[in-house]
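Trainee: With the sequence up front, the predicted model follows.
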Amino acid sequence: MPIRQRRRRLALIPGFVAAFLVLGAPPGSAESIAPPAEVPQAPPPFADCLGEIAAAARARGVPQALIDARLLGLSPDPEVLGATRSQAEFVKPIWAYLDATITEPNIAEGRRKLQEWASTLDTIEQRFGVDRHILVAFWGVESRYGAVLDDPGVVRPVLRSLATLACGDQARAGYWRDELMAALQILAQGQGAPERLTGSWAGAMGHTQFMPTVYQAYAVDFDGDGRRDIWTSVPDALAATANYLRAIGWRTGEAWGTEVALPEGFDYALADESTERSLAEWRQRGVTPVRSGIDETARATLVVPAGAGGPAFLLLPNFRIILRYNTALAYGLTVAHLSDRLRGDPAFTRDWPRGDRVLNAAERTDLQTLLAQRGYAVGGIDGKIGPRTRAAVRAYQAATGRTPDGYADAALLEKVRAAP
Ligand SMILES: [Ca+2]
């Protein structure tokens with residue numbers, strides 16, 4: 001899970017939004033997705049690699065018996081490496097992620113969980129200052145309120161996943177190795193039972209899918225049984241999440257943001273996803289929050305994830321905290337909106353442009369290449385539609401008399417291809 005923040009990248013990582021649809025992408029994978037570049041080298045044979053890790057683990061006090069029993073006999077999991085490669089190729093539209101998780105059954109189940117754990121959540125809110133609906137939304141998105149933890153088709157042994165990545169994903173080997181070391185130490189400390197140390201393909205664990213290093217830093221024993229048990233104790237898992245969110249800057253009592261209505265003729269250049277203005281300033285530009293009760297002095301950025309044809313949002317500082325779990329905008333909006341629905345708020349007022357087709361990786365590269373040839377600065381041709389490419393799209397749209405919303409779908413690519 002948690003990770004240092006990177007730039008939002010639309011529809012890149014499904015995160016655990018799709019945990020119960022696919023293997024389960026890592027919260028916190030965002031850091032793993034763009035670690036400091038290491039020089040790629042041919043990976044050493046798996047057994048040699050494990051031997052090196054075993055030596056390092058011994059040096060850190062992990063007992064030899066545990067290393068023998070849990071590490072040295074592992075074999076690589078081919079599906080895990082496949083998952084890392086396929087992630088960047090994801091071409092699902094943002095609404096597909098929201099639709100997969102924000103379903104009536106998931107909302108109803110979340111509301112049941114709010115009731116079932118009401119007194120625990122009272123105490124957690126008092127102690128950590130994090131809204132219960134956000135906590136239960138993370139729980140729902142990360143593990144469908146724990147249900148996927150018992151689904152052998154979704155979860156896999158964390159040690160095997162991390163060993164596979166530490167020894168097979170050379171670009172990020174250091175990151176995975178640290179996580180594997182942390183997982184071994186968790187076992188050595190008797191915090192987690194080996195048979196429960198299961199999770200996503202990226203090694204995230206428990207009800208709210210903590211990476212092992214994040215567990216070490218933020219897990220808490222909230223039910224007082226002496227163990228920090230995010231695997232089987234709901235109070236421990238929810239409190240760990242609250243503790244983490246508070247530590248990275250969650251603002252007590254503040255919303256994540258709100259859907260907004262935009263006026264006729266709105267200047268979409270303002271929706272640049274980076275310029276902060278107070279709610280009062282946004283109102284002066286005709287931006288009207290759908291949700292009431294947001295502080296007029298709160299500073300927010302405006303985003304239109306699917307362009308002028310879809311809903312618009314003002315995002316407050318707490319939204320950036322949500323993105324620390326997983327930097328994909330689709331992920332953040334799913335957690336945020338599920339929390340709204342758990343609270344009893346209605347669905348977004350504006351629907352998504354569901355007929356649009358999102359670009360695949362080759363098409364994104366093609367779009368960047370064509371825009372660059374026409375003199376637009378796309379910030380590098382890498383097949384990723386980041387802020388600079390979106391700025392180039394806006395400039396292209398503005399220069400050709402289109403709504404400059406920065407939204408790049410298949411229809412836009414066709415227009416760019418057809419242009420002289
Ligand atoms: Ca406990």
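Mentor: Thanks, I have it.

Trainee: For Trp256, which non-adjacent residue is spatially closest?
Mentor: Sequence neighbours aside, Ala336 is the residue nearest to Trp256 in space, at 4.2 Å (criterion: Cβ to Cβ, 6 or more residues apart in numbering). (Glycine included, C-beta is placed from N, CA and C.)

Trainee: Buried residues in the helix or strand containing the one you found, which are they?
Mentor: Counting by DSSP states H and E, the element that carries Ala336 is helix 329-343. By neighbour count on 16 or more other Cβ atoms under 10 Å, the buried set for helix 329-343 is 329-343.

Trainee: Can you name every helix or strand that the next helix or strand after it contacts?
Mentor: Heading C-terminal from helix 329-343, the first helix or strand you meet, by DSSP H and E, is helix 361-373. Helix 361-373 sits against helix 387-399, helix 410-418, with contacts defined as 3 or more Cβ pairs under 8 Å, 6 or more residues apart in numbering; DSSP states H and E.

Trainee: Rounded mean pLDDT for stretch 366-381, please.
Mentor: For stretch 366-381, mean pLDDT is 94.

Trainee: again, but for stretch 54-74
Mentor: 96.

Trainee: which residues touch it?
Mentor: Stretch 54-74 has contacts (Cβ atoms under 8 Å, 6 or more residues apart in numbering) with 50-51, 53, 159-160, 163, 177, 181, 184-185, 187-188, 194.

Trainee: do stretch 114-122 as well
Mentor: Applying Cβ under 8 Å, 6+ apart, the set of residues contacting stretch 114-122 is Arg132, His133, Leu135, Val136, Phe222, Val234, Pro235, Leu238, Leu342.

Trainee: quick check, nearest of those to Asp99?
Mentor: Using Cβ to Cβ, Leu342 is the member of these that lies nearest Asp99, at 16.7 Å.

Trainee: Per-residue pLDDT of that closest one, please?
Mentor: For Leu342, the predicted pLDDT is 98.

Trainee: my read: it touches Ala108, true?
Mentor: No: Leu342 is beyond contact range of Ala108, at 9.8 Å (criterion: Cβ atoms under 8 Å).

Trainee: Work out which residue lies at the spatial centre of this protein.
Mentor: Asn326 (2.1 Å; Cα atoms, centre = their mean).

Trainee: so it is in which element?
Mentor: Using DSSP H and E, no helix or strand contains Asn326.

Trainee: Heading C-terminal from the helix or strand of the chain at the bottom of the mean pLDDT ranking, find the next helix or strand.
Mentor: The weakest-scoring helix or strand in the chain, judged by mean pLDDT, DSSP states H and E, is helix 29-33 (a mean of 32). Where DSSP H and E defines the elements, the next helix or strand beyond helix 29-33 is helix 46-59.

Trainee: Now that next one: buried residues?
Mentor: Cys49, Leu50, Ile53, Ala54, Ala57.

Trainee: got it, and stretch 366-386?
Mentor: Applying 16+ other Cβ under 10 Å to stretch 366-386 flags 366-368, 370-372, 376, 378-379, 383-386 as buried.

Trainee: Count the neighbours of the closest residue to the ion within the stretch 1-150 of the chain for me.
Mentor: Using Cβ to the ion, the single residue of the stretch 1-150 of the chain nearest to the ion is Thr120, 11.8 Å away. Using other Cβ atoms under 10 Å, Thr120 has 17 other residues around it.

Trainee: likewise Tyr407?
Mentor: 27.

Trainee: dump the residue contacts of the nearest residue to it once chain neighbours are set aside.
Mentor: Excluding the flanking residues, the one nearest Tyr407 by Cβ to Cβ, 6+ apart is Gly307, at 2.7 Å. By Cβ under 8 Å, 6+ apart, the contact list for Gly307 reads Pro353, Thr403, Asp405, Gly406, Tyr407, Asp409.

Trainee: repeat for Gln189
Mentor: Gln189 touches nothing, counting by Cβ under 8 Å, 6+ apart.

Trainee: The ion versus that one, what's the distance?
Mentor: 13 Å (Cβ to the ion, to the nearest Å).

Trainee: residues of stretch 267-285 that come out buried?
Mentor: Here stretch 267-285 shows Tyr268, Ala269, Leu270, Ala271, Asp272, Glu273, Arg277, Leu279, Trp282 as buried, counting by 16+ other Cβ under 10 Å.

Trainee: you'd agree Ala419 is up against Gly401?
Mentor: No: Ala419 is not in contact with Gly401 according to Cβ under 8 Å; the separation is 11.7 Å.

Trainee: Going by how many neighbours each has, rank these two and give me the top one.
Mentor: Ala419 (10 against 7).

Trainee: which residues does the more buried one contact?
Mentor: Arg374, Thr400.

Trainee: Count the residues that sit near Pro263.
Mentor: 10.

Trainee: Ignoring the adjacent residues along the chain, who's closest to it?
Mentor: Counting by Cβ to Cβ, 6+ apart, the residue nearest Pro263 is Gly286, at 3.5 Å.

Trainee: mind listing what that neighbour touches?
Mentor: Counted by Cβ under 8 Å, 6+ apart, Gly286 has contacts Leu262, Pro263, Phe266.

Trainee: what about it, distance to Ala269?
Mentor: Per Cβ to Cβ, to the nearest Å, Gly286 is found 14 Å from Ala269.

Trainee: Fine, thanks again, bye for now.
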